[in-house]
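> Next one to model:
(chains A, B and C)
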Amino acid sequence: MKKVIFALLLFFGLSNALFAHDGPVSEGVVVQANGNDAADFKRALILASNMHEVLTKAKFEIVVYGPSVKLLTAFSNEVPLIQKVQSEGIKVIACGRSLKSEHLKDSDLAPNITVVPFGAVHIVNRQKQGWQYIKP
Amino acid sequence: MKKVIFALLLFFGLSNALFAHDGPVSEGVVVQANGNDAADFKRALILASNMHEVLTKAKFEIVVYGPSVKLLTAFSNEVPLIQKVQSEGIKVIACGRSLKSEHLKDSDLAPNITVVPFGAVHIVNRQKQGWQYIKP
Amino acid sequence: MKKVIFALLLFFGLSNALFAHDGPVSEGVVVQANGNDAADFKRALILASNMHEVLTKAKFEIVVYGPSVKLLTAFSNEVPLIQKVQSEGIKVIACGRSLKSEHLKDSDLAPNITVVPFGAVHIVNRQKQGWQYIKP
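Residues are numbered from 1 along each chain as shown, chains lettered A, B, ... in the order given. Below is the predicted model of the structure:
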């Protein structure tokens, strides 16, 4: 009987995981930052920071793609704000494809910025893992 | 044997609820309204109204945040449209933080507008409850 | 005992399906294309094409609604790009309501464009089926 129960536990545990999700589930919010200008970029970072203050248990990632990745360089005026949100535990992520389009290298970026191969694919993958998505 | 079955029911019921969702599941659509101007605001309300006509079983909420909350006051030109969508059963929600930023009080708002502490957090929470999200 | 296990399998299988989803689950990404101009439209199509290159197993649909549906006609400058993404297996979808607003008929459209009654409702329904949503 114990074996049967164990088998059932395993079965439903696995089927649940496979059925509802494609990867491990973690609680998180992915914020899309692909606005037109620095004002849009700032708004996205401040929104993420404020949301994180309330949703303290959730992981937060800001995915920057499009021309806005230029605002992530070491000499950007936005470095203080980037460092502020990073210090709060929010991950700032740059799209590798957008960096290439803007002729930027990973080494041009401000410290502790994560580069993913493709920002929009990262956003979709996070959703598949059960994260919430917001485009401010 | 009955106890075993009961325990299994309880276990899977709970694990399912905990694993896949953070709250009770209800069917609904949350429409983000944080556009640049009154035209964007109107478009969001009309879209929600039209969608609700088709998706009759779903709850609908329009979450207004950013400077657009100014369009929710009792003296706004948009009051007739707000009242129309409200009469259809759509909830119009104002972001409390945005109201504060715009130096507005709850009592400045048109009738029957719900104020939530933080609009973007509300959007994320609805998604966690299984609602669909659209930014028009 | 076998009957009990079978009953449990059935129960949890069904409850899982009913609880977590409203329809059959398929892997897919729905890309919203309701931008302001042809540049926004192109960006959405190119993004979908690039994402599809990486997420080879996922179905992709681009839902065009609002005035942008004018870019889907047989005489549109965007026909070559539309045909390119279609040849990659991406479905290009026009919102029937938007077509009507723009005084366009299905027969005005470029070949192989699918018309749905209501683009935004289609986006919401795909999310309910477990698809990921992105507004570029």
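> Now chain A against chain B: closest residue?
Residue nearest to chain B within chain A: A:Gln132 (4.4 Å; CB to the nearest CB). From N, CA and C alone the C-beta is placed, and that goes for glycine too.
> For that residue, grab the count of nearby residues.
If you count neighbours by other CB atoms under 10 Å in any protein chain shown, A:Gln132 ends up with 22.
> Confirm for me that it is in contact with A:Gly28.
Yes: with contact defined as CB atoms under 8 Å, A:Gln132 reaches A:Gly28; the gap is 7.4 Å.
> which residues are in contact with both of these two?
Counting by CB atoms under 8 Å, 6 or more residues apart in numbering or on different chains, A:Gln132 and A:Gly28 have no contacts in common.
> And the helices in chain A, which stretches?
With DSSP state H, the ranges of helices along chain A come out as A:2-20, A:38-54, A:79-87, A:96-101, A:119-128.
> What's the local residue count around the residue nearest to A:Leu47 when sequence neighbours are not counted?
Closest residue to A:Leu47 apart from its sequence neighbours, by CB to CB, 6 or more residues apart in numbering or on different chains: A:Pro136 at 4.9 Å. By the criterion of other CB under 10 Å, A:Pro136 has 21 neighbours.
> For A:Asn34, see how far away A:Pro136 is.
A:Pro136 is 10 Å from A:Asn34, where distance means CB to CB, to the nearest Å.
> how many neighbours does A:Lys59 have?
Per other CB under 10 Å, the neighbour tally for A:Lys59 reads 16.
> my read: it touches A:Lys91, true?
Yes: between A:Lys59 and A:Lys91 there is a contact under CB under 8 Å: 7.5 Å.
> Check the burial of the closest residue to A:Ala38 other than its chain neighbours by counting its neighbours.
Once flanking residues are discounted, A:Ala38 sits nearest to A:Leu71: 6.0 Å by CB to CB, 6+ apart. Residues within reach of A:Leu71, counting by other CB under 10 Å, total 23.
> Might you report the residue contacts of A:Leu71?
Contacts of A:Leu71 by CB under 8 Å, 6+ apart are A:38, A:41, A:64, A:77-78.
> where does it sit relative to A:Ala120, distance-wise?
Distance of A:Leu71 to A:Ala120, given as CB to CB: 18 Å.
> do A:Ala44 as well
For A:Ala44 relative to A:Ala120 (CB to CB), the value is 15 Å.
> These two: which is more packed in?
The residue with more neighbours, out of A:Ala44 and A:Ala120, is A:Ala120; 26 against 23, by other CB under 10 Å.
> my read: that one touches C:Ile134, true?
Yes: between A:Ala120 and C:Ile134 there is a contact under CB under 8 Å: 6.0 Å.
> joint contacts of those two?
By CB under 8 Å, 6+ apart, the residues touching both A:Ala120 and C:Ile134 are C:Leu47.
> And for the residue nearest to A:Gln32 when sequence neighbours are not counted, the neighbour number?
Closest residue in space to A:Gln32, ignoring its immediate chain neighbours: A:Lys135 at 4.4 Å, by CB to CB, 6+ apart. Around A:Lys135 there are 20 other residues, counting by other CB under 10 Å.
> Tell me the predicted confidence for A:Lys135.
The model reports A:Lys135 with a pLDDT of 98.
> what sits against the residue lying closest to A:Leu109 once chain neighbours are set aside?
The shortest distance from A:Leu109 to any non-neighbouring residue, by CB to CB, 6+ apart, is to A:Leu72 (5.3 Å). By CB under 8 Å, 6+ apart, A:Leu72 lies in contact with A:64, A:78, A:82, A:92, A:94, A:109-110, A:113.
> Nothing else from me, thank you.
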